[in-house]
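K.L.:
coordinates for the following, if possible.
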Amino acid sequence: MNLFRKKPIQSLLKESGAKGASLRKELGAFDLTMLGIGAIIGTGIFVLTGVAAAEHAGPALVLSFILSGLACVFAALCYAEFASTVPVSGSAYTYSYATFGELFAWILGWDLILEYGVASSAVAVGWSGCFGIELPKALTSAYDPEKGTFIDLPAILIILFITFLLNLGAKKSARFNAVIVAIKVAVVLLFLAVGVWYVKPENWTPFMPYGFSGVATGAATVFFAYIGFDAVSTAAEEVRNPQRDMPIGIIVSLLVCTLLYIAVSLVLTGIVPYEQLNVKNPVAFALNYIHQDWVAGFISLGAIAGITTVLLVMLYGQTRLFYAISRDGLLPKVFARISPTRQVPYVNTWLTGAAVAVFAGIIPLNKLAELTNIGTLFAFITVSIGVLVLRKTQPDLKRAFRVPFVPVIPILAVLFCGYLVLQLPAMTWIGFVSWLLIGLVIYFIYGRKHSELNEMARTEEKAG
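P.N.:
Numbers count the residues shown, from 1 in each chain. Coordinates of the predicted model:
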């Protein structure tokens, strides 16, 4: 059997438009942009900025955000070309199926399952930490008898609520997301509007206390704050005009968030000397530092809003990924079952929600969250190389959006993301490789035999 058999792009497009089996097309450019901002702006901007400034970059944190942002912008342009050319659920998994073949597509799909699943669980635990209502200690964190905790009830409840919301349909989920995104962006703008008057330029010197290596390590640290824009591409099959709207949603959401991150890092390091920013809540700490305690309360609201939308988009991306892989036969067909009324993968959505709830509520995640970074960077590198390959193998393919300056932009995306991957610790690499090996076992036991392409080959063989 051919492990590198490719799925023709025309076949992918035909599947996504099949009556009765496809998802409802009801999203526009604004919905996609809000989904992107919803996925990107989360705890990263409210938490990671302090650690990155104090331990790695100092006031040059702004350069760390620019460096990470560039890596993402280059990759985003590559995603935009694929999303407008192959507007089908599955994101990088689907693009790889058309470009590199089945085995590589499965590896990338398995990698993305890790990215979205672990990120969703980790984000839910973060949401639980912001939960304002007092509960018995046993119900506030994952199973750890030494600490007296047995289950993280708030994390489970928020996951089940988001799962219920996703089952109502993509449009209703997008409306909820847009409202919460408006709240968290307003909170970020409030911080900037209040904090800019307390900036002291002398706090920006020395600008690069740890040298450029500190800036680079800071970039690898804050990269987590950018994760999520790729989840926009999982919505491709539910967009009314994907050729036009997908590039807009991906690129605009990333640019908006990058500008907000740069502004926040400048104001934050301008208010507080960078050595004092190694705290869990640097933005709120900065406001307390300048005695603007009343705004610090809004920052907590922004953090909760940020975490909620990140969770929504991550769970959404996970369900659409399972849907695409299942439709191709590499996972059981139950994941591709569509609700006839709401046209959402309802069985898949509830199964995903239940699994993520178990992970978040019972299993201590610890270092697992670090695997999200390596999984995302791996996907970015693959998609960037895929643009170059597809330009070479199918030069006449209709592309609604084209990456400019090819091959320079895709090569820069690979170099930037590759550099950030090399900054990650050895244990993260070991965990990542172990996960991929588990995926290969599943593919050779189940996926290879049940693949749709394999079934088609058997049918043709019998007919011949």
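K.L.:
going forward, measure contacts and count neighbours with C-alpha atoms only.
P.N.:
Fine.
K.L.:
residues in contact with residue 382?
P.N.:
Residue 382 makes contact with 92, 96, according to C-alpha atoms under 8 Å, 6 or more residues apart in numbering.
K.L.:
nearest residue to residue 337 in space, please, no chain neighbours.
P.N.:
residue 345 (5.5 Å; C-alpha to C-alpha, 6 or more residues apart in numbering).
K.L.:
kindly report the same for residue 450.
P.N.:
Going by C-alpha to C-alpha, 6+ apart, residue 450 has residue 329 as its nearest residue, at 5.3 Å.
K.L.:
same deal with residue 240?
P.N.:
Take residue 240 and drop its neighbours on the chain: the residue closest to it by C-alpha to C-alpha, 6+ apart is residue 25, 5.1 Å away.
K.L.:
shaky segments in the stretch 1-150 of the chain?
P.N.:
By pLDDT under 70, the low-scoring segments of the stretch 1-150 of the chain are 1, 16-22, 43, 130-132, 143.
K.L.:
the residue nearest to residue 450 touches residue 451, doesn't it?
P.N.:
Yes: if you go by C-alpha atoms under 8 Å, residue 329 and residue 451 touch, sitting 4.3 Å apart.
K.L.:
and the longest helix seen in the chain, what's buried?
P.N.:
Secondary structure of the chain per DSSP state H: the longest helix is helix 293-327. For helix 293-327, burial by neighbour count (16 or more other C-alpha atoms under 10 Å) applies to 295-296, 298-300, 302-327.
K.L.:
quick one: the helices in the stretch 301-450 of the chain?
P.N.:
Secondary structure of the stretch 301-450 of the chain by DSSP state H, counting those that start in this stretch: the helices cover 346-362, 371-393, 408-422, 426-442, 448-450.
K.L.:
want to throw the ones you listed into CSV with mean pLDDT?
P.N.:
Compiled in CSV, the helices of the stretch 301-450 of the chain are given as follows (pLDDT from 0 to 100):
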stretch, mean pLDDT
helix 346-362, 91
helix 371-393, 89
helix 408-422, 90
helix 426-442, 91
helix 448-450, 90
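K.L.:
what are the boundaries of the helices in the stretch 151-300 of the chain?
P.N.:
Using DSSP H, counting those that start in this stretch, the helices of the stretch 151-300 of the chain run over 153-167, 170-195, 211-222, 242-271, 282-289, 293-327.
K.L.:
list the contacts of the residue lying closest to residue 348 once chain neighbours are set aside.
P.N.:
Closest residue to residue 348 apart from its sequence neighbours, by C-alpha to C-alpha, 6+ apart: residue 335 at 4.5 Å. Residues near residue 335 by C-alpha under 8 Å, 6+ apart: 322, 323, 326, 327, 345, 347, 348.
K.L.:
any idea how far the spatially most central residue of the chain lies from residue 399?
P.N.:
Nearest residue to the geometric centre of the chain (C-alpha atoms, centre = their mean): residue 228, 2.6 Å. Per C-alpha to C-alpha, to the nearest Å, residue 228 is found 24 Å from residue 399.
K.L.:
for the residue nearest to the centre of the chain, grab phi and psi.
P.N.:
Residue 228 adopts backbone torsions of phi 130, psi -30, taken as degrees, to the nearest 10.
K.L.:
need the helices of the stretch 151-300 of the chain in CSV (columns: distance to residue 37).
P.N.:
Converted to CSV, the helices of the stretch 151-300 of the chain look like this (distance: least, C-alpha to C-alpha, whole Å):
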stretch, distance to residue 37
helix 153-167, 17
helix 170-195, 7
helix 211-222, 16
helix 242-271, 5
helix 282-289, 19
helix 293-327, 9
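K.L.:
that older thread, possible to save the helices of the stretch 301-450 of the chain as a markdown table with distance to residue 138?
P.N.:
Shown next, in a markdown table, are those (distance: least, C-alpha to C-alpha, whole Å):
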| stretch | distance to residue 138 |
| --- | --- |
| helix 346-362 | 11 |
| helix 371-393 | 28 |
| helix 408-422 | 37 |
| helix 426-442 | 29 |
| helix 448-450 | 44 |
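K.L.:
ok, which of those comes nearest residue 111?
P.N.:
helix 371-393 (5.7 Å; C-alpha to C-alpha).
K.L.:
and the angle for that closest one with helix 211-222?
P.N.:
Interaxial angle of helix 371-393 relative to helix 211-222 (axes from the mean of the first three to the mean of the last three C-alpha atoms, to 10 degrees): 100 degrees.
K.L.:
please point out which parts of helix 371-393 sit buried.
P.N.:
Those would be 371-388, 390, for helix 371-393 by 16+ other C-alpha under 10 Å.
K.L.:
what does stretch 207-222 give?
P.N.:
Neighbour-count burial for stretch 207-222 flags 207-210, 214-222 (criterion: 16+ other C-alpha under 10 Å).
K.L.:
residue 384 is in contact with residue 415, isn't it?
P.N.:
No: with contacts counted by C-alpha under 8 Å, residue 384 stays clear of residue 415, the gap being 10.1 Å.
K.L.:
how far away is residue 405 from residue 421?
P.N.:
24 Å.
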